[in-house]
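Trainee: quick one, fold the following:
(chains A and B)
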Number of protein chains: 2
Amino acid sequence: MKLKNDLLIRTALGEDVERPPVWLMRQAGRILPQYRALRGSLSGFKELVETPALAAEVTIQPVDELDVDAAIIFSDILVIPEAMGLTYEMVEKKGPLFPKTIESEKDIVALISGADAAAELKYVYDAIQITVKELDGRVPLIGFAGAPWTIFAYMIEGSGSKTFSKAKRFLYQHPELSHQLLQKITATTIAYLQQKVASGVSLVQIFDSWAGILTPTLFRTFALPYIKQIAAAITGVPVTVFAKGAWFALAELESIDCNVIGLDWGTSPDYARKHITKVFQGNLDPCQLYGTAKEVELAATKMVQDFGGKHIANLGHGVYPDTPLDNVRVFVDTIKSLSYAS
Amino acid sequence: MKLKNDLLIRTALGEDVERPPVWLMRQAGRILPQYRALRGSLSGFKELVETPALAAEVTIQPVDELDVDAAIIFSDILVIPEAMGLTYEMVEKKGPLFPKTIESEKDIVALISGADAAAELKYVYDAIQITVKELDGRVPLIGFAGAPWTIFAYMIEGSGSKTFSKAKRFLYQHPELSHQLLQKITATTIAYLQQKVASGVSLVQIFDSWAGILTPTLFRTFALPYIKQIAAAITGVPVTVFAKGAWFALAELESIDCNVIGLDWGTSPDYARKHITKVFQGNLDPCQLYGTAKEVELAATKMVQDFGGKHIANLGHGVYPDTPLDNVRVFVDTIKSLSYAS
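Mentor: Reported below is the predicted structural model:
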């Protein structure tokens, strides 16, 4: 499918472009009234994730409503542990919950992985095919997966956590089992993302949401090598790696075979540029969108100036559900009004 | 009161010492069986905080049990909002909860502050006096307070939060009111810490627990100036500033009129030394204490070597309640067995 708007892809590939492309993490979600309406009519979050036509519908909503430069397939990083044999529930206002967690080697051995596990996620590939068809080349579709450490953290911890101390304890107490589990997650994620590419996504993003609670040494040992494996295994489309909070490993992220590094709002463009030559994605504080329209415009403009090119405009985290939609619009429109030429 | 063990103070003042002093954030707490026994006999956490003889008792427990080089007065950073007029509850397994939060200028004006508010906390000063008397100079007693931004965050948000997006929204939407509230918290904290010093603490630590969720610009605007005011107002004892997660402002922390900078586990000694010439405190990953005794010993030794002096040994965060006490002991004993001379 030939893209009519391929700005995201050209930027990710490092080409000189006219302006930064713009999209928002979590743009398909509660900020949109049409999402809330659809979601309210369903039994739960997972029904939306697992019904291809509905997932496609909400994926396209922000393209229609906000005219962003990319769509990202509506899904969840936790489909991977589920495909491997560990079911999750999404508890309203609380987040994910795993009724059973990984506690022993036996639990790890029992998990399916690789292509066998990835084959369980046909509903995602179907959603991608429907979305690509319906988008009809308007914008590229992004596919994503959680990084192995983040998926591991949920599989051990069983839910979200401020410290993920149970998951980290497992790393310290069972380093070999940890590597065994991380490798199974990695094999599954590679097969999954390759299948996503085969289904039509134009770029792949890896989210290491909990990278920031690791020490530099733990990140180097248990996170980075698996991200590298995944990035190296994806061919044909550009790859973005977003290791939230892993400022301490910024220089090492440069060594990943990927095109784009996502940044959270704690890392200034200036600091990032000193350590990495890749394209950046990010990184406005999502709370900046609670300010006035004028302040959003100024902050978005300043961000683009500070990065000074090789930049995909986004927030430094998923947009918060109670963000005023008008300010999201100002953010998107401001970026689209800018030009590197001027 | 002349200190028999003044290693912490000499180290904080930058003197050459024989080995790093060692203590643990949250050492007076659930890791100790004697703490759990006492706590179990009480109605709640606040009874312990507000009863001077009991607070003194649990403050001294880790000195008896672990032979650490410092005691830290058992209390909570949230006594400050309470003294200003905003009561909190401590909900078991959930954390702090404020039934009423700050929403408007009227709410801010209604708060008492400065010496008037600090006078409400007589039970803390009494606890300090009892503790100092009972310690009889064995080790120095540390007093502490939350940094204004962290206290502000709880006062607006009303509870703990992963994002503190409500508190951050207030910064963006009401910058002037934010400064007004931060200044009132600062004035109260100064009076409070001065009173703690007058009551006998030998060092003061300021905890900015939520510094890491700010952007560099927000930290510079709403956090740093108030920490500076407090540090400058404390005379007679050394001051430690622990701005958790504020790696992006490390160079700016150097400009605070304080002696010691606390570090979380994300910041390597090497990185910290490049930006700051002050004494450091920290920063072993609390989860490292889940490893074997041998691993704890190796990690503690490596940490001391990596800092290479001008260092107060501690964890990079409060010790987790389920940490094996024997490993805490190994951590403390390892540090105490080391010598800079060798």
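Trainee: can stretch A:265-277 be found next to chain B?
Mentor: Yes. Under the criterion of C-beta under 8 Å from any C-beta of the partner chain, stretch A:265-277 makes contact with chain B via A:265-268, A:271. Where you see a C-beta, it was placed from the backbone N, CA and C, and this is true even at glycine.
Trainee: so how far is stretch A:271-284 from its chain's centroid?
Mentor: 17 Å (C-alpha atoms, centre = their mean, to the nearest Å).
Trainee: any idea how far apart the tips of that stretch sit?
Mentor: Start-to-end span of stretch A:271-284 (C-alpha to C-alpha, to the nearest Å) is 15 Å.
Trainee: also stretch A:133-146?
Mentor: So stretch A:133-146: terminal residues 25 Å apart, C-alpha to C-alpha.
Trainee: okay, the residues of stretch A:265-277 next to chain B in JSON lines with neighbour count next?
Mentor: Formatted as JSON lines, the residues of stretch A:265-277 next to chain B follow (neighbours: other C-beta atoms under 10 Å in any protein chain shown):
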{"residue": "A:Trp265", "neighbour count": "24"}
{"residue": "A:Gly266", "neighbour count": "24"}
{"residue": "A:Thr267", "neighbour count": "25"}
{"residue": "A:Ser268", "neighbour count": "17"}
{"residue": "A:Tyr271", "neighbour count": "16"}
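Trainee: around chain B, which positions in the stretch 1-150 of chain A sit nearby?
Mentor: Near chain B, when you scan the stretch 1-150 of chain A using C-beta under 8 Å from any C-beta, you find nothing.
Trainee: can you pull out the helices in the stretch 1-150 of chain A?
Mentor: Using DSSP state H, counting those that start in this stretch, the helices found in the stretch 1-150 of chain A span residues A:7-12, A:33-40, A:45-50, A:52-66, A:79-84, A:105-110, A:114-118, A:122-135, A:148-157.
Trainee: for the fifth one, packing partners?
Mentor: Here helix A:79-84 is seen to pack against helix A:114-118, helix A:148-157, helix A:175-199 when contacts are counted using 3 or more C-beta pairs under 8 Å, 6 or more residues apart in numbering or on different chains; DSSP states H and E.
Trainee: which bits of the stretch 151-300 of chain A sit near chain B?
Mentor: A:160, A:162-163, A:165, A:168-169, A:171-173, A:212, A:214-216, A:218, A:245, A:247-248, A:265-268, A:271, A:285-288, A:290-291, A:295.
Trainee: give the PyMOL command for selecting the buried subset of the residues you listed.
Mentor: Remark: buried members of these, expressed as a PyMOL selection using 16 or more other C-beta atoms under 10 Å in any protein chain shown:
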select buried, chain A and resi 160+165+168+169+171+172+212+214+215+216+218+245+247+248+265+266+267+268+271+285+286+287+288+290+291+295
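Trainee: of the helices and strands packed on helix A:79-84, which stretch is the most buried?
Mentor: helix A:148-157 (a mean of 26; mean count of other C-beta atoms under 10 Å in any protein chain shown).
Trainee: what about that one, average pLDDT?
Mentor: Averaged across helix A:148-157, pLDDT comes to 98.
Trainee: report all helices and strands that whichever helix or strand comes after that helix contacts.
Mentor: Per DSSP states H and E, the first helix or strand lying C-terminal to helix A:148-157 is helix A:165-173. Judged by 3+ C-beta pairs under 8 Å, 6+ apart, helix A:165-173 is in contact with helix A:148-157, helix A:175-199.
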